[in-house]
Structures are given as C-alpha cells and as structure tokens.
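>>> have a look at this prediction, sequence included:
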Amino acid sequence: MNDAVPVNAALNTIVATDARLPSLATPGASASPRPVGRVPVECGDLPFTIRRDGRWLYRGSSIDRKEMVCLFASVLRREADGSFWLRTPAERGRIVVEDAPFVAVELDWTGDGASQVLSFRTNVDQVVAAGPDHPIRIAFAPDGDEPTPYLVVRPGDGHHPIEARINRATYYELVAIAVAETVDGRDLLGVWSQGVFFPLGDLPLDDEDGDIGA
C-alpha cells in the first residue's frame, strides 16, 4: 500500500523522540510496507487522544495541522473489541478516543420524502451520505434524556463501526427537516435518506396534528 510511506513519515516526525516506540521513532527508518501476509509490528499504546470535540492530541498537545489530522484519520481502524488503532501495513498502535473519532459539522440535502439524500461533512472533510451503509443513530445519556446523534462513517473490524458524532447545530438542522412517520405502531419524528427512515425520537404530543416545528 502506497499510503504507508507518508503515514509512517508523519508518525516519525511527531514521535521521533519517543523511546517507547522504536520502530516509529527512528528518523529515516524504512517505511516500506511489510510483505503481504506479514503481521504489522505492535507498538502498544501510542500517546494520541481524540477529544470529544474532534481535536487530536499528542501527549496532551493539540495537533493543529489539518493535513496531519486527515493523514492519521485515513489509517484509523477499530478492532472487534471496540478499541481504536492507527494501523499501516508495517505498524500499528492503540490510541484513546473519548467519544466518536469524527464530528459531523455540516449537512446538505437533496430531494424529499423517501428519495431524500442527507450528506454530512466531517471535521476531516469527508462527505458521508446517510443510508443503509451509513445509518444515523440516537443515543441517550443514562442520567437523562439529552439525545446524542451519531453517523456511521465506515465499518470497523467487528460489530463496532467508526462513527462521527453529529454536532448540535447540525442536529438542529436535522430536526428542522424531520417528518412524522408511524413505525411499528409508534409515532416517530425522523428523517429520510436513501430510502431509509431514521427516527430522531417520539413525536411530541403537540405535533400530532402534523404541525412539526411550528
């Protein structure tokens, strides 16, 4: 894979003084991909954290170059146990993700009804269209009913996908274009995208007359 060279070079630049990561830390070390079928070198826990707001930190300091963040994001993987890793054909290491690794920061839509398509732009400028392969889900905090919406960006290696948290402003845009539908006997408020209806919550009693958002 050709992406191993720039990715490993970027890692070498940031962790060049980290003695715990010898294969990544050696300046000028070969970044050539390992032969097909070889297992990547385990680098253990890398000192990276992705904050809930989408910021990437290295040893607590923000990585402010967007190009660098996008580079790391391109090799982000999620294991079957739900853990997150940076992985190239040659090396891999575990990182900390506080919530979802990406944030959906912008919404665009075309069409209406079941033919509507909702397209989200993430904080790393990836555009993802909600649909069968990229569902929207709503999570609720155990100590309250505040909704937190997520969008699947790509699958992981198991049942846990890689998601983007839909930020508050974008979520309000979703609510503004939501429609009422009855699903399995429940009156729900939600949005359509690529033929799939994604519930956002129960239809408020005051809106049962169809005046959504009035």
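Sure, I can see it. Numbers count the residues shown, from 1 in each chain.
>>> C-terminal to the helix or strand of the chain with the lowest mean pLDDT, what's the next element?
Every helix and strand of the chain was ranked by mean pLDDT, DSSP states H and E. The lowest is helix 22-25, at a mean of 38. Next in sequence after helix 22-25, counting helices and strands by DSSP states H and E, comes strand 41-50.
>>> tell me which other helices or strands that next one touches.
When contacts are defined as 3 or more CB pairs under 8 Å, 6 or more residues apart in numbering; DSSP states H and E, strand 41-50 packs onto helix 22-25, strand 56-58, strand 84-87, strand 91-97. (Glycine included, C-beta is placed from N, CA and C.)
>>> any low-confidence regions in the protein?
1-37, 143-145, 205-214 (pLDDT under 70).
>>> so what are the domain limits for it?
Domain assignment for the chain by automatic domain parsing gives 4-97, 102-207.
>>> CSV for those domains, including mean neighbour count?
Supplementary listing: the domains of the chain in CSV, determined by neighbours: other CB atoms under 10 Å:
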stretch, mean neighbour count
domain 4-97, 16
domain 102-207, 16
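>>> contacting residues for Val105?
Going by CB atoms under 8 Å, 6 or more residues apart in numbering, Val105 touches Arg121, Thr122, Asn123, Asn167, Thr170.
>>> over to it. Which of the three states is it?
strand (DSSP: H, G, I helix; E, B strand; the rest coil).
>>> relative to Asn167, how far out is it?
In this structure, Val105 and Asn167 are 6 Å apart, going by CB to CB, to the nearest Å.
>>> my read: Thr110 touches Val117, true?
Yes. Using CB atoms under 8 Å, Thr110 makes contact with Val117 at a distance of 5.2 Å.
>>> what's next to stretch 108-127, contact-wise?
Against stretch 108-127 from outside (CB under 8 Å, 6+ apart): 54, 66, 69-70, 73, 102-107, 128-131, 136, 151, 153, 164, 166, 170, 174, 177, 191-195, 197.
>>> among the residues you listed, name the ones in helices.
Lys66, Val69, Cys70, Ala73, Thr170, Leu174 (DSSP state H).
>>> which one of those residues is nearest Tyr58?
Nearest to Tyr58 among the ones in helices among the contacts of stretch 108-127, counting by CB to CB, is Val69 at 10.6 Å.
>>> is the closest residue to the closest one other than its chain neighbours in a bridge, and if so with what?
Nearest residue to Val69, sequence neighbours excluded (CB to CB, 6 or more residues apart in numbering): Trp56, at 5.1 Å. Note on Trp56: beta-bridge partners Ile50, judged by DSSP bridges.
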